[in-house]
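Peer 1: What shape does this take:
(one chain, ligands or ions: 1)
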Amino acid sequence: MTKGIEQETRPGQGAATVAALRTPVQPAAGRGAALRVEGAGISFGDFRAVQGIDLDIPAGEFLCLLGPSGCGKSTLLSAMAGFIQVSEGTLTADGAPVSGPDPELGMVFQSSEALFDWMTVQQNVTFGPRMRGRSRAEQNRVADEFLGLVGLRHCADRYPGQLSGGMRQRVQIARVLANEPGVVLMDEPFGALDAQTRQVLQQETARIWSASGCTVVFVTHDIDEAILLADRVAVMTAGPAASIKSLYTVDLPRPRDESDPAALRLRNQLREDIGEEVRKAMRDQGLDDQLDREAKNA
Ligand SMILES: Nc1ncnc2c1ncn2[C@@H]1O[C@H](COP(=O)(O)OP(=O)(O)OP(=O)(O)O)[C@@H](O)[C@H]1O
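Peer 2: Model (predicted):
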């Protein structure tokens with residue numbers, strides 16, 4: 001076994017390998033809120049999407065959620081945002097049950113259609129504070145601070161339709177941060193962007209996270225993105241009734257170097273871990289035989 005990496009098995013999850021590099025997470029200083037998910041299940045009618053989810057996310061942590069397509073990552077994130085309720089178990093933010101949408105729990109969506117197209121960038125960013133009756137001076141301060149943080153002060157008077165995809169995602173991030181949330185939930189926020197823009201925004205996200213001190217839960221399909229950003233990576237099992245299969249602590253200095261041998265080892269472990277779940281999902285759907293046949297015929 002590689003020095004410094006321990007194997008661990010989570011109860012009830014077979015022989016999942018957990019690479020636990022034993023350095024404790026160092027939360028960024030600031031205003032993060034702790035999220036705790038205990039025995040959580042989420043059902044849609046008779047369909048149980050996730051089940052028995054246990055996750056303890058300390059204030060200020062950056063946690064990435066990975067797993068096969070359709071396993072329930074967005075469902076879990078939506079519950080953390082208060083958009084849907086857990087059907088069983090509990091979900092709390094700083095000890096208070098999450099019972100509905102709350103400015104304390106900000107969501108950044110994959111699609112920047114979430115922006116209000118008829119409002120300027122500044123009006124989008126100050127929407128939350130305006131709704132909460134903050135003074136004009138306070139709104140201006142917030143716009144200045146958070147547009148500055150995402151490098152878009154010069155675009156304050158433009159409309160979203162006049163911006164690139166990457167710029168619109170930055171506006172989304174600024175709009176969420178303007179509510180000064182304890183938790184920022186990000187659902188594949190860079191999934192629709194080209195590789196270069198994605199890389200820039202990943203670096204910016206790491207910088208913004210460390211400056212804001214908030215807790216981040218970030219859903220992605222991209223293993224490298226998770227290694228670049230996360231304090232810990234949670235891998236979900238294939239659904240239905242998906243749960244957390246394994247948790248990896250990413251004990252690498254920031255900014256991260258993708259070519260670091262420890263990063264490469266972790267990438268291989270994650271790939272193997274997720275690949276196992278993808279193959280399981282394909283077997284369950286009877287797709288593995290079909291793919292084998294296609295491979296033979298190719
Ligand atoms: N509102 C809903 N009603 C019924 N089923 C739903 C609903 N939302 C999600 N599901 C189902 O729950 C399961 C998990 O979906 P979810 O979108 O959370 O997965 P995901 O891991 O985020 O997927 P992907 O990686 O492809 O984005 C899927 O089987 C999906 O069809």
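
Peer 1: The ligand contacts on the stretch 51-200 of the chain?
Peer 2: Contact residues (Cβ under 6 Å from any ligand atom) of the stretch 51-200 of the chain with the ligand: 67, 69-75. Heads up, the C-betas are built off the backbone N, CA and C, glycines and all.

Peer 1: Output stretch 68-83 in CSV with nothing but the alpha carbons.
Peer 2: Extracted C-alpha coordinates of stretch 68-83, given in CSV (Å, rounded to 0.1, in the frame of the first residue of the first chain):
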residue,chain,number,x,y,z
PRO,A,68,-22.3,7.8,-11.9
SER,A,69,-24.7,9.8,-14.0
GLY,A,70,-28.2,9.7,-12.5
CYS,A,71,-27.1,8.5,-9.1
GLY,A,72,-28.6,11.4,-7.2
LYS,A,73,-26.0,14.1,-6.8
SER,A,74,-28.3,16.9,-7.9
THR,A,75,-31.1,15.5,-5.8
LEU,A,76,-28.9,15.6,-2.7
LEU,A,77,-27.7,19.1,-3.5
SER,A,78,-31.3,20.3,-4.0
ALA,A,79,-32.1,19.0,-0.6
MET,A,80,-29.1,20.8,0.9
ALA,A,81,-30.5,24.0,-0.8
GLY,A,82,-33.9,23.4,0.7
PHE,A,83,-35.6,23.0,-2.7
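
Peer 1: And it, what's buried?
Peer 2: 68, 71-83 (16 or more other Cβ atoms under 10 Å).

Peer 1: Which members of those occur in helices, if any?
Peer 2: 73-80 (DSSP state H).

Peer 1: For beta bridges, what are the partners of the residue sitting nearest the centre point of the chain?
Peer 2: The centroid of the chain falls nearest to Phe218 when counting by Cα atoms, centre = their mean (0.8 Å). Beta-bridge pairing of Phe218 under DSSP bridges involves Cys64, Met186.

Peer 1: hmm, back to that, ok, the buried residues of stretch 68-83 vs Arg283, which is closest?
Peer 2: Pro68 (11.8 Å; Cβ to Cβ).

Peer 1: For the closest one, give me its contacts.
Peer 2: Applying Cβ atoms under 8 Å, 6 or more residues apart in numbering to Pro68 gives the contacts 236, 238-239, 274, 277-278, 281.

Peer 1: Apply 10 Å and report the result again.
Peer 2: By Cβ atoms under 10 Å, 6 or more residues apart in numbering, the contact list for Pro68 reads 221, 235-239, 242, 274-282.

Peer 1: could the residues of the stretch 51-200 of the chain next to the ligand be laid out in JSON lines, adding pLDDT?
Peer 2: Below are those laid out as JSON lines (pLDDT from 0 to 100):
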{"residue": "Gly67", "pLDDT": "94"}
{"residue": "Ser69", "pLDDT": "90"}
{"residue": "Gly70", "pLDDT": "90"}
{"residue": "Cys71", "pLDDT": "92"}
{"residue": "Gly72", "pLDDT": "95"}
{"residue": "Lys73", "pLDDT": "96"}
{"residue": "Ser74", "pLDDT": "95"}
{"residue": "Thr75", "pLDDT": "96"}
